[in-house]
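Colleague: Pasting a predicted model and its sequence here:
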Amino acid sequence: AQDAKPLPDYVAWKDADALIVHSDKTLETKRGAIGTSIITPEEKLYIRNNVNTPPESIVADRDAWAVEFAGVKEPKTLTVAELKTLGLATVATVLQCSGNGRKYFMDQLTGDQKMSGTPWTVGAAGCVLWSGVPLKAVVDALGGPADGVRFITGTGGEELPAGLDPKDLVVERSVPMSNLENVILAWEMNGNPTSLAHGGPLRMIVPGYSGVNNIKYVKTLALTEAETDAKIQRTNYRMHALGEQGSPDDPPVWEQPVRSWITTPLESAAAGPAQVAGVAFGGMNACESVEVSVDGGQNWQKANFVGPDLGRFAWRNFVLSVELAPGSYTLVSRATDTEGNVQPEESEMNGSGYSHNGWRGPAVALTVS
Ligand code: MSS
């Protein structure tokens, strides 16, 4: 489109044709650019920043980046070089913004109902390979968890603007200690040193959890007795009713629910054979199966998985071979995870439009001629 915004400077290296620039802090992968080979290339991967990205200088000497570890028996500051000596793991995860699919909630608002936030459709998500040290190995090396800790709290390394309350701006998130076995501190993404835009020199990855919990340029990692009182945890990224503010009593946006969407064909196709393909994942659980409907959910057929299984936290590509006569079709997909959770037709409304997973919203209106 003529009025498409250019890529912001810090991600000038990205593939402009594959991205929708909502703002300098929110870039969405185009649905047709998601591809069918599991891993999302970094030049196509979406971007979401809550505050300004730190300067390039923090990735000039990646091994020198220092992380303060607290809430362990022997608190210590360790550099990336030191962390590299403690363990190595690689995990494929779905990195997905909590607000992915918010557009479908917005489409359901009536009267004077309002919802703020980026109107993401399906492209605030990708499947990414991370390499780094398991947090468990670091905690073990530091004498184990301190007594009474219940959360893993990571803090982003952004320098915050002066004169404002840091608690209102700091990107600091807490997740339950049950994730200790899963969390990795990653210096590599898809085979490259983790780019600044995606959290280099070091990123805290919480497999199965929504985007916001995956702290970029992590500078402090504390095992804590309580959740952080940073605004991004206390009142934001909470499941609250429409028209209300989030509060610490509302459930935090943590585990991602089972979800899928079709990535091809979109809009139009030639009559004859067609391959209806997409991505499906179970969040905390592996994806068990996917069904596809070409008539808007009246009749469903089981799709086949495509390509290797990259594990519990990755997405699967799926395909259904169909024969399409000229006409109009509504293509939808519906995934089931290994715990038997099935995508609902519509997600339950929530005030900030988080964790959308209804199958109706991302329907593809296809014209076959
Ligand atoms: N981190 C930090 N440090 N900062 C910021 O801002 N953001 C979040 C995460 N992390 C941040 C961080 C969000 S919110 C998201 S999604 C993610 O990140 C994204 O990623 P990428 O890489 O894609 O950009 Mo929503 O839930």
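Modeller: Received, thanks.

Colleague: tell me which parts of the stretch 201-350 of the chain are close to the ligand?
Modeller: S210, G211, V212, N214, I215, K216, Y217 (CB under 6 Å from any ligand atom). Using the backbone N, CA and C atoms, a C-beta is placed for each residue, glycine as well.

Colleague: and the first one, how many neighbours does it have?
Modeller: Residues near S210, counting by other CB atoms under 10 Å, number 25.

Colleague: Contacts only, for the nearest residue to it once chain neighbours are set aside.
Modeller: Nearest residue to S210 in three dimensions, chain neighbours excluded: S98, at 4.2 Å (CB to CB, 6 or more residues apart in numbering). Going by CB atoms under 8 Å, 6 or more residues apart in numbering, S98 touches S210, G211, V212, Y237, V253, Y354, S355.

Colleague: Any chance of CSV for the residues you listed, columns pLDDT?
Modeller: Formatted as CSV, these follow (pLDDT from 0 to 100):
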residue, pLDDT
S210, 98
G211, 98
V212, 98
Y237, 98
V253, 98
Y354, 98
S355, 98
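
Colleague: got those as TSV, with secondary structure columns?
Modeller: Formatted as TSV, those follow (DSSP: H, G, I helix; E, B strand; the rest coil):
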residue	secondary structure
S210	coil
G211	helix
V212	helix
Y237	coil
V253	coil
Y354	coil
S355	coil
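
Colleague: which one of those sits closest to the ligand?
Modeller: Minimum distance to the ligand across the contacts of S98 is 2.6 Å, recorded for G211 (CB to the nearest ligand atom).

Colleague: show me the contacts for that closest one.
Modeller: So G211 contacts R48, L95, Q96, C97, S98, N100, A124 (CB under 8 Å, 6+ apart).

Colleague: what about 7 Å?
Modeller: G211 makes contacts with R48, L95, Q96, C97, S98, as judged by CB atoms under 7 Å, 6 or more residues apart in numbering.

Colleague: now those residues as TSV including secondary structure, distance to the ligand and pLDDT?
Modeller: Output for those, formatted as TSV (DSSP: H, G, I helix; E, B strand; the rest coil; distance: CB to the nearest ligand atom, whole Å; pLDDT from 0 to 100):
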residue	secondary structure	distance to the ligand	pLDDT
R48	strand	4	98
L95	strand	6	99
Q96	strand	7	99
C97	coil	3	99
S98	coil	3	98
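
Colleague: Show me the two of those that sit farthest apart.
Modeller: Spanning the widest gap among these are L95 and S98, at 11.3 Å by CB to CB.

Colleague: roughly how far apart are the nearest residue to G283 once chain neighbours are set aside and S355?
Modeller: Leaving aside its sequence neighbours, G283 sits nearest to Q256 (CB to CB, 6+ apart; 3.4 Å). To S355, Q256 is 7 Å away according to CB to CB, to the nearest Å.

Colleague: who touches both of those two?
Modeller: S210.

Colleague: next SSE after the longest helix along the chain?
Modeller: Looking across the chain with DSSP state H, the single longest helix is helix 135-141. Using DSSP states H and E, the helix or strand that follows helix 135-141 in sequence is strand 151-156.

Colleague: in that next one, what's buried?
Modeller: By neighbour count on 16 or more other CB atoms under 10 Å, the buried set for strand 151-156 is F151, I152, T153, G154, T155, G156.

Colleague: what do you get for stretch 283-297?
Modeller: Buried, per 16+ other CB under 10 Å, within stretch 283-297: 283-294, 297.

Colleague: Equivalent analysis for stretch 86-104, please.
Modeller: For stretch 86-104, using 16+ other CB under 10 Å, the buried residues are 86-87, 89, 91-104.

Colleague: Give me the subset of the residues you listed lying in helices.
Modeller: Among those, the members falling in helices are R102, K103, Y104 (criterion: DSSP H).

Colleague: of the buried residues of strand 151-156, list those near the ligand.
Modeller: G156.

Colleague: JSON lines please, covering the buried residues of strand 151-156 and showing pLDDT.
Modeller: Conversion of the buried residues of strand 151-156 to JSON lines gives the following (pLDDT from 0 to 100):
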{"residue": "F151", "pLDDT": "99"}
{"residue": "I152", "pLDDT": "99"}
{"residue": "T153", "pLDDT": "99"}
{"residue": "G154", "pLDDT": "99"}
{"residue": "T155", "pLDDT": "98"}
{"residue": "G156", "pLDDT": "98"}
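
Colleague: and which of the buried residues of strand 151-156 is nearest the ligand?
Modeller: G156 (2.4 Å).

Colleague: any idea what sits nearest that closest one, other than its immediate chain neighbours?
Modeller: Closest to G156 by CB to CB, 6+ apart is V171, at 3.6 Å.

Colleague: Over to T90?
Modeller: In space, T90 comes closest to S131 once its chain neighbours are excluded; the distance is 4.6 Å by CB to CB, 6+ apart.
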